[in-house]
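Novice: Build me a structure from this.
(one chain, ligands or ions: 2)
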Amino acid sequence: MPPRKTSRAACNVHCLGTGDGWPCADRNHSSYLYELAGTLLLIDCGESVTRSLTARKFDWNALDGIVLSHTHADHLGGLAMLLQGMWLEGRSRDLTIHLPGHVIKPLRNLLHHGYLFDELFGFQLKFQPLPVGKSFTVGKVRLTPHPTSHLDGFRRAFQKKYRVGFDAYCFVIEGAGKRVVHSADLGAPQDLLPVLTKPVDLLVCELAHFTPADLFATLGGHAIKQAAFIHLARNVRARLTSVKRMAARRLPDIPCRFPNDGDVLKF
Ligand SMILES: [Zn+2]
Ligand SMILES: [Zn+2]
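Specialist: Numbers count the residues shown, from 1 in each chain. Ligands and ions are numbered 1, 2, ... in the order given. A predicted model of the protein is given here:
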């Protein structure tokens, strides 16, 4: 359950939406509230992030920042309602959204066409493009975005016709002496290799765009204290019992979890 306030000692991930990109009756779309080093950080804003936070009597001023990994609807689709909620509930702390730079202008336009004008907010809303190859901070947490190949196929197929960006990122999240990797959406498990060269306290990794066997083969032998597999594709969920057995067999040194919405990962 997301806290009203966070403590310095807490190292938690509140899984607000563990669903993938397909419509789903029992999972929200991607949103994860990280509680680390006294900082509350939201990664991705899939539907129904506002409902998830409201149901838990969330303190709207407690959130230190928002990070968007890419602009697929299952990661972005709840953002406008979240901002409308912050306006109506009277958030007063300035807020920065860190996101792929190509979408800042159209997103601002969308918000204005949805009557979310800057003058309505009781806080300053800022947008910061995710820096490639550099770190940035949210509160006391340091994030380093790493490009993934998630949208490379779309880039090849559509970049000549549609002048949009095709950026997708995974993140190294560091604070309070912990190092977490959050995959968001990948193109292949190998996208993670550059961020697995140092020990990881928690890996939060999607399992929708490749087979469990491929992912587990890539993760094997890396220094990962615990792993949580999220964003499971329908066909993976349908055989979850056997996938869990495979994870235990192929990753004997890594405790593996398959969280549902509402679960809290401690690390
Ligand atoms: Zn996704
Ligand atoms: Zn995606």
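
Novice: where does the protein have low pLDDT?
Specialist: 1-6 (pLDDT under 70).

Novice: Could you pull out the helices in the stretch 101-250 of the chain for me?
Specialist: Counting by DSSP state H, counting those that start in this stretch, the stretch 101-250 of the chain has helices at residues 104-113, 152-158, 212-219, 234-237, 240-250.

Novice: What residues does the stretch 101-250 of the chain have near ligand 1?
Specialist: Proximity of the stretch 101-250 of the chain to ligand 1 (Cβ under 5 Å from the ion) is limited to residues residue 185. Bear in mind the C-beta positions are built from the backbone N, C-alpha and C, glycine included.

Novice: For the helices of the stretch 101-250 of the chain, give me JSON lines that also has mean neighbour count.
Specialist: Shown next, in JSON lines, are the helices of the stretch 101-250 of the chain (neighbours: other Cβ atoms under 10 Å):
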{"stretch": "helix 104-113", "mean neighbour count": "13"}
{"stretch": "helix 152-158", "mean neighbour count": "13"}
{"stretch": "helix 212-219", "mean neighbour count": "19"}
{"stretch": "helix 234-237", "mean neighbour count": "14"}
{"stretch": "helix 240-250", "mean neighbour count": "14"}
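
Novice: Which of the ones you listed sits closest to ligand 2?
Specialist: Ligand 2 sits nearest to helix 152-158 of all these, at 9.4 Å, using Cβ to the ion.

Novice: How far does the closest one sit from its chain's centre?
Specialist: A distance of 22 Å separates the centroid of the chain from that of helix 152-158, by Cα atoms, centre = their mean, to the nearest Å.

Novice: picking that back up, which one of the helices of the stretch 101-250 of the chain lies nearest to residue 64?
Specialist: Closest of those to residue 64 is helix 104-113, at 19.7 Å (criterion: Cβ to Cβ).
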